[in-house]
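Asker: I'll drop the sequence and a predicted model, then ask my questions.
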Amino acid sequence: MERTVKGGVIRLIQGDLTELAVDAIVNAANVHLVLGGGVAGAIRSKGGPSIQEECNRIGGTTVGQAVVTGAGNLKARYVIHAVGPSYGEGNEDEKLHGATLNSLKRATEKGMRSIAFPAISTGIFGFPKDRCADIMLKTIRDYLDNEATSLKEVILCLWSKDDLELFSQNLNGLLPLEK
């Protein structure tokens, strides 16, 4: 499923984020930038040690922020490490908005044309998927609609069919098909 927003496309797919040939994939990172389990573990496993080595040199970042490294052996050119909130820590919606927005800003700063996100914070961080879909999709729509950006394609790559359906329903509500 996809929707066009002011010359850019928001696309929803089901699949493996680490297999996408885009300018950047987004890692659902922790503040220490340690590539542990989940999305980060898959990135570490498929991308090789150079990604973690770059993260170690950066040293960390704060919740709501995003930093860029190379992508090692991945098909993508870069990895944007976005630190989303843990559910229950406070100001989670604002922090998820920040992680999404700062990822889009890092991509624009490097002149990227395509970026692919997972559902940030919905794994071990426990963020509710419906709220995640709402916040991420609105942030992406507003960014494409209101900011000067090099981005032409923003993908949300969801792992399960249920997640894809949830995000699709949200995108339909946010940007209904014109008749």
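Answerer: That came through, no problem.

Asker: which regions of the chain lie under the pLDDT threshold?
Answerer: Scanning the chain for pLDDT under 70 picks out 178-179.

Asker: look up phi and psi at the residue nearest to the spatial centre of it.
Answerer: What sits nearest the mean C-alpha location of the chain, by Cα atoms, centre = their mean, is Phe117, with 2.7 Å. Main-chain torsions, Phe117, degrees, to the nearest 10: phi -110, psi 150.

Asker: next, the buried residues of stretch 81-96.
Answerer: For stretch 81-96, burial by neighbour count (16 or more other Cβ atoms under 10 Å) applies to His81, Ala82, Val83, Gly84, Pro85, Ser86, Glu92, Lys95, Leu96. C-beta here means a position set from N, CA and C on the backbone, and glycine is covered the same way.

Asker: ok, the fourth one to Ala28 distance?
Answerer: What it means is Gly84. 6 Å (Cβ to Cβ, to the nearest Å).

Asker: OK, contacts around the closest residue to Gly48 other than its chain neighbours?
Answerer: Distances taken as Cβ to Cβ, 6 or more residues apart in numbering place Gly72 nearest to Gly48, at 4.1 Å, with adjacent residues excluded. Contact partners of Gly72, counting by Cβ atoms under 8 Å, 6 or more residues apart in numbering, are Gly47, Gly48, Pro49, Ser50, Ile51.

Asker: please repeat the previous calculation with a cut-off of 7 Å.
Answerer: Gly47, Gly48, Ser50, Ile51 (Cβ atoms under 7 Å, 6 or more residues apart in numbering).

Asker: which one of those sits in the busiest neighbourhood?
Answerer: Ile51 (25 neighbours; other Cβ atoms under 10 Å).

Asker: that older thread, any idea how far the residue nearest to Gly48 is from Leu144?
Answerer: From Gly72 to Leu144 the distance is 28 Å (Cβ to Cβ).

Asker: and the strands in the chain?
Answerer: 2-5, 8-14, 24-29, 66-70, 78-83, 114-117, 153-158 (DSSP state E).

Asker: isn't Thr69 right up against Gln52?
Answerer: No. Look at Thr69 against Gln52 with Cβ atoms under 7 Å: they stay out of range, at 8.9 Å.

Asker: between those two, point out the one with more neighbours.
Answerer: Thr69 (22 against 18).

Asker: ok, and the closest non-adjacent residue to the more buried one?
Answerer: Glu54 is the one closest to Thr69 (Cβ to Cβ, 6+ apart), at 3.8 Å.
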